[in-house]
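Enquirer: 3D model of this:
(4 chains)
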2 protein chains.
Amino acid sequence: MPDTQDLDPRKAAILEAVVSEYIGTAQPVGSHHVARAAGINVSSATIRSEMVSLEREGYLTQPHTSAGRIPTDKGYRFFVDQLSEPGVLGPAQRQKVSRFFDQVHGEMEEMLERTSGLLSELTSYASMVLSPGHDSAAVRSVQMVGLGSRVAILVVVLADGAVEKRSIELGEEVPDEVLVAASSRLQAVAHSHPLGAVSAGGASGDPRVDRVVALAQSALSELASEAHDHDRVFVGGPSRLADAFDAVDTVRAVLATLEQQLVVVSLLRDVLERGLSVAIGTEHGYEPLSSCAVVVAPVSVDGQSAGAVGLLGPTRMNYPQALAAARVVGEHLSHRLGTPVDPGGPERAVSEVRPRRRANGSR
Amino acid sequence: MPDTQDLDPRKAAILEAVVSEYIGTAQPVGSHHVARAAGINVSSATIRSEMVSLEREGYLTQPHTSAGRIPTDKGYRFFVDQLSEPGVLGPAQRQKVSRFFDQVHGEMEEMLERTSGLLSELTSYASMVLSPGHDSAAVRSVQMVGLGSRVAILVVVLADGAVEKRSIELGEEVPDEVLVAASSRLQAVAHSHPLGAVSAGGASGDPRVDRVVALAQSALSELASEAHDHDRVFVGGPSRLADAFDAVDTVRAVLATLEQQLVVVSLLRDVLERGLSVAIGTEHGYEPLSSCAVVVAPVSVDGQSAGAVGLLGPTRMNYPQALAAARVVGEHLSHRLGTPVDPGGPERAVSEVRPRRRANGSR
DNA sequence: TCTTGGCACTCGATTCTACCGAGTGCCAAC
DNA sequence: GTTGGCACTCGGTAGAATCGAGTGCCAAGA
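Expert: Here you go, the predicted model:
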């Protein structure tokens, strides 16, 4: 893409003005408005001719002749790429985030769900929080608990504090002692290995135990693969989408898409994998979301990718603010997950959790 | 309410015709349409005068002079109360339900989430599934697993297959042996008691163990109270609401309400407690949902209430169908939960799950 | 050559009017 | 009590007039 950066400064300024104005007002922007914008000292006629050129180059479009201009996806893209400083949250919002992460407690799932609420509240957009995959976390404990006559439940605790469970049809009556024996065998082979890499291990003396262990192992590997491909995702504030679009059809289509967890997960993954932090309109390739933009920020623990947070809004969303919010929340969340596990208890929580150096200029 | 049942048969027939027609078309219904309806053999003029009377009595209303009539909440209420047979699902839908419950597997949460999807797909309305409270289920296993240095996670398995977990800040370094000892102490005091009724139990020899046990016990009672008051609720197909209303504001308000789990839970609870299966308009007392109707069906296991399923749609929803769907799904779910725990595995599952006697005339 | 003010023109949005028709309320006759 | 007839209401639609924000073009000026 040769022309992404080589707009002359004036054109860039005009484009930026159009985008900002349109983001703010949702109304097509006319040359007069641009002329009035700070930092632009040419007449509206000049601006008009520049706009013609910007339109020819695909950055702007007109809803109809004799209306102002609207940015195209390409226009937004330029605007986003060229954002100099990453945008800053207001002090009130920043404080809200800090306070949230100081006080939040409870289980991981609950925390992530709350985080998605925070994010959507901060920005007024719908938010998405992709829970970290557990495939790399080591197993801390494996246990089988009998339930009723021929069913047991397998409970696995991972080093990151996640608890995975799965019920197992035993096929025949199995006494508790056997389950206990099986549990300790499993514990021996699985402990401190990651979920996906639990090796078979030799046979014990008791065939009943071996049989149960085998069942459990296949359940474990199922768990591993599930944990890997369909991570949970928490969607916050979908109702905000109803504010963003006035066509009720659009709202419906977008909401319906958000309801499909798989789609949301892969959307976030795709965008992350392409190393983007913003995907605008058709860039992400999900057709029903073509009037939306997605902003993502990675969450990482010990340098390893561990999920993501994201925002979904109209293409005319407030990118600087959304980017700032996603990044700040992503960083806080990374820190939080970096701590071995959340300190429970509803009392005022420990305050050393506050991040020491906020990596702000990290681009 | 003296006049709820004492409409003369013709008025009742007219009211019913208006409601049905309006449910189908969403258009105000005029006297001519009613006259054409089956089972009514009087002229439109007669119907007009009856309608005037129905309007005076509060069953119908006019959006404006010279338009047809629309049912009021009271009108819908009459219609619902007077429904003779509870409405039947089409064979295709019925089969869909059976097949769903034959094939569904996996964990409880996942199953409930899927159930809510099923329900909203069957009816095209938003659905709600209230997960059964665990407060009465007996504890099957309690275990503490150390994570990092000073944090442990408490994992409780209940007889109904639910797994509850909570992280515990230990305050100081605790060696694994102590956790193991504490786990077995806990297991001894908690096993086969319901979560809420775990008694203290005497002291052991080791003060470190006692301390950990005490921490765990307070976590247990927290768990019990949480499990009691904020049960999880699964909302399915909220995007359907965008079809039901054309005012985008209404959609937003309703969606926003649905996002608040607590509200949804208490909505369902309230309606159930009042012994209703339908709450129309303002009957449920949740102002933002005043243009909605709620249909609920209880889920019970062994005669004990164990959650509920519900539907949320516009007041002009298809009550017979919604009631039928909610009831059928509620019954299937009750059966399913009655089975000790779901038989895992994607193979064709047991088929005795099919309900034997469908309590049809249960009013 | 670039910029600018001027000007004619476009076209969506708004307002007004006319009109249609579904629906009502009333009434006299059955 | 029921019915057909009739005058009337009033939202919705269609067309005409108007408004105004905004454009494209052009000739004059820097």
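
Enquirer: residues contacting A:Gln304?
Expert: Taking CB atoms under 8 Å, 6 or more residues apart in numbering or on different chains as the definition of contact, the neighbours of A:Gln304 are A:Ser136. Every residue, glycine included, has its C-beta placed from N, CA and C.

Enquirer: ugh, wrong one, A:Asp249
Expert: A:Asp249 makes contacts with B:Ala242, as judged by CB under 8 Å, 6+ apart.

Enquirer: wasn't A:Pro63 part of a strand?
Expert: No - in this structure, A:Pro63 is coil, not part of a strand, as judged by DSSP: H, G, I helix; E, B strand; the rest coil.

Enquirer: so how far is A:Arg36 from it?
Expert: 21 Å (CB to CB, to the nearest Å).

Enquirer: try A:Asp210
Expert: Per CB to CB, A:Asp210 is found 80 Å from A:Arg36.

Enquirer: more neighbours: these two, which one.
Expert: A:Asp210 (17 against 11; other CB atoms under 10 Å in any protein chain shown).

Enquirer: pLDDT value on the more buried one, please?
Expert: Looking at A:Asp210, its pLDDT stands at 91.

Enquirer: kindly report the same for A:Lys165.
Expert: Among the per-residue scores, A:Lys165 shows a pLDDT of 85.

Enquirer: surely it touches A:Val157?
Expert: No - here A:Lys165 does not reach A:Val157: they are 9.9 Å apart, not a contact under CB atoms under 8 Å.

Enquirer: who's more crowded, the two?
Expert: It is A:Val157, of A:Lys165 and A:Val157, that has more neighbours when counted by other CB under 10 Å, with 25 against 22.

Enquirer: which residues sit in contact with the more buried one?
Expert: The contact partners of A:Val157, by CB under 8 Å, 6+ apart, come to A:139-142, A:163, B:145, B:147, B:153, B:155.

Enquirer: count of residues packed around A:Ser49?
Expert: The burial count for A:Ser49: 11, using other CB under 10 Å.

Enquirer: gap between it and A:Arg10?
Expert: Using CB to CB, one gets 11 Å for the distance from A:Ser49 to A:Arg10.

Enquirer: also A:Val309?
Expert: Between A:Val309 and A:Arg10 the computed distance is 37 Å (CB to CB).

Enquirer: can you get me a residue count around A:Gly39?
Expert: For A:Gly39, the count of nearby residues is 7 (other CB under 10 Å).

Enquirer: surely it is in a helix?
Expert: No - residue state for A:Gly39 (three-state DSSP) corresponds to coil; a helix is not indicated.

Enquirer: my read: it touches A:Ala12, true?
Expert: No - at 10.9 Å, A:Gly39 does not count as touching A:Ala12 under the criterion of CB under 8 Å.

Enquirer: wait, A:Ser53 sits on A:Ile14?
Expert: No - no contact is recorded between A:Ser53 and A:Ile14 when judged using CB under 8 Å, the distance being 9.7 Å.

Enquirer: quick one, which of the two is more surrounded?
Expert: When A:Ser53 is set against A:Ile14 and neighbours are counted by other CB under 10 Å, the residue ahead is A:Ile14, at 28 against 15.

Enquirer: do you know the pLDDT at the more buried one?
Expert: So, for A:Ile14, pLDDT stands at 96.

Enquirer: show me what contacts it?
Expert: A:34, A:40, A:47, A:50-51, A:54.

Enquirer: mind jotting down where the strands sit in the stretch 51-200 of chain A?
Expert: If you assign secondary structure with DSSP state E, counting those that start in this stretch, the strands in the stretch 51-200 of chain A sit at A:60-61, A:70-71, A:126-130, A:139-147, A:151-158, A:163-169.

Enquirer: deepest-packed of these, please.
Expert: Of all the strands of the stretch 51-200 of chain A, strand A:126-130 has the most neighbours on average by mean count of other CB atoms under 10 Å in any protein chain shown, namely a mean of 27.

Enquirer: what's the span of stretch A:170-183, first residue to last?
Expert: Stretch A:170-183 stretches 14 Å from its first residue to its last (CA to CA, to the nearest Å).

Enquirer: ignore what I typed, I meant stretch A:237-248.
Expert: Using CA to CA, the gap from the first to the last residue of stretch A:237-248 comes to 17 Å.

Enquirer: help me see whether that stretch makes contact with DNA strand C, please.
Expert: No - applying CB under 7 Å from any atom of the strand, one finds that stretch A:237-248 is not in contact with DNA strand C, the shortest distance being 11.5 Å.

Enquirer: again, but for stretch A:13-23
Expert: No - taking CB under 7 Å from any atom of the strand as the criterion, stretch A:13-23 and DNA strand C are apart, separated by no less than 11.4 Å.

Enquirer: could you dump that stretch to PDB, C-alpha only?
Expert: The C-alpha atoms that make up stretch A:13-23 are tabulated as PDB, following Å, rounded to 0.1, in the frame of the first residue of the first chain:
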ATOM      1  CA  ALA A  13      -4.900  17.400   8.400                       C
ATOM      2  CA  ILE A  14      -8.200  17.700   6.400                       C
ATOM      3  CA  LEU A  15      -8.800  14.000   6.600                       C
ATOM      4  CA  GLU A  16      -8.200  14.000  10.300                       C
ATOM      5  CA  ALA A  17     -10.500  16.900  10.800                       C
ATOM      6  CA  VAL A  18     -13.200  15.100   8.800                       C
ATOM      7  CA  VAL A  19     -12.800  11.900  10.800                       C
ATOM      8  CA  SER A  20     -12.800  13.600  14.100                       C
ATOM      9  CA  GLU A  21     -15.800  15.700  13.300                       C
ATOM     10  CA  TYR A  22     -17.700  12.800  11.900                       C
ATOM     11  CA  ILE A  23     -16.900  10.600  14.900                       C
END
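
Enquirer: sorry, back to before: looking at A:Val309 and A:Arg10 now, which is surrounded by more residues?
Expert: Neighbour tally, A:Val309 and A:Arg10, criterion other CB under 10 Å: the higher count belongs to A:Val309, 31 against 14.

Enquirer: what's across from the more buried one in the sheet?
Expert: In this structure, A:Val309 has the following beta-bridge partners (DSSP bridges): A:Val129, A:Ala297.

Enquirer: surely it and A:Leu118 touch.
Expert: No - under the contact definition of CB under 8 Å, A:Val309 does not touch A:Leu118, with a separation of 9.7 Å.

Enquirer: overlap in contacts, those two.
Expert: Listed as contacting both A:Val309 and A:Leu118 by CB under 8 Å, 6+ apart are A:Val329.

Enquirer: what residues does the stretch 51-200 of chain A put near DNA strand D?
Expert: The interface of the stretch 51-200 of chain A toward DNA strand D, taken as CB under 7 Å from any atom of the strand, is made up of A:51-52, A:55, A:62, A:65-69.

Enquirer: how about 10 Å then?
Expert: Applying CB under 10 Å from any atom of the strand, we find that the stretch 51-200 of chain A lies next to DNA strand D at A:51-53, A:55-56, A:60, A:62, A:64-69.

Enquirer: can you list the domains in chain A?
Expert: For chain A, automatic domain parsing gives the domain ranges A:9-81, A:91-132+A:231-338, A:139-229.
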